[in-house]
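Visitor: sequence isn't available, so here's the structure alone:
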C-alpha cells in the first residue's frame with residue numbers, strides 16, 4: 001500500500017515538474033508573442049505615417065501642376 005502511494009507521489013511530482021516546465025515555456029512564448037504584436041503595431045503606425053506623408057507630397061505636386069496649368 002505504501003509502495004503504491006510512493007509510486008503515485010513520484011508520478012505526481014514528475015507531473016508537477018512537467019507542468020512547471022510547460023508553464024514556463026508558455027509564458028516565454030506569450031512574451032515573445034506580445035513583443036511581436038507590439039512590433040507589428042509600431043510598423044503599422046509607421047506605415048500610416050508614410051502614407052500620410054506620401055499623400056501630402058502627391059497633393060502638393062498635383063496642386064503645383066494645377067497652378068502651372070492655370071498660369072499658362
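Guide: Done, it's in. Since the structure is predicted, the reported quantities are computational estimates derived from the model, not experimental observations. Residues are numbered from 1 along each chain as shown.
Visitor: residue 44: neighbour count?
Guide: Taking other C-beta atoms under 10 Å as the criterion, the count of residues near residue 44 is 10. Using the backbone N, CA and C atoms, a C-beta is placed for each residue, glycine as well.
Visitor: for the helix or strand containing it, packing partners?
Guide: The secondary structure element spanning residue 44 is helix 2-71 (assigned by DSSP states H and E). Packing contacts for helix 2-71, counted by 3 or more C-beta pairs under 8 Å, 6 or more residues apart in numbering; DSSP states H and E, involve no helix or strand.
Visitor: quick check, distance from it to the centre of its chain.
Guide: Chain-centre distance of helix 2-71: 0 Å, with C-alpha atoms, centre = their mean, to the nearest Å.
Visitor: what is the rounded mean pLDDT of that helix?
Guide: Model confidence over helix 2-71 averages 97 on the pLDDT scale.
Visitor: and the gap between the residue most central in space within the chain and residue 44?
Guide: With distances taken as C-alpha atoms, centre = their mean, the residue of the chain nearest its centroid is residue 37 (1.3 Å). When C-beta to C-beta, to the nearest Å is the yardstick, residue 37 and residue 44 sit 11 Å from each other.
Visitor: thinking again about what came up before, gap between the residue nearest to the centre of the chain and residue 50?
Guide: Taking C-beta to C-beta, one finds residue 37 at 21 Å from residue 50.
Visitor: do residue 14 as well
Guide: With distances taken as C-beta to C-beta, residue 14 is found 54 Å from residue 50.
Visitor: do the same with residue 8
Guide: Using C-beta to C-beta, we find residue 8 at a distance of 62 Å from residue 50.
Visitor: and residue 66, by the same measure?
Guide: Distance of residue 66 to residue 50, computed by C-beta to C-beta: 24 Å.
Visitor: kindly report the same for residue 69.
Guide: The span separating residue 69 from residue 50 equals 28 Å under the rule C-beta to C-beta.
Visitor: buried residues in stretch 43-53?
Guide: The neighbour-count check on stretch 43-53 (16 or more other C-beta atoms under 10 Å) flags nothing as buried.
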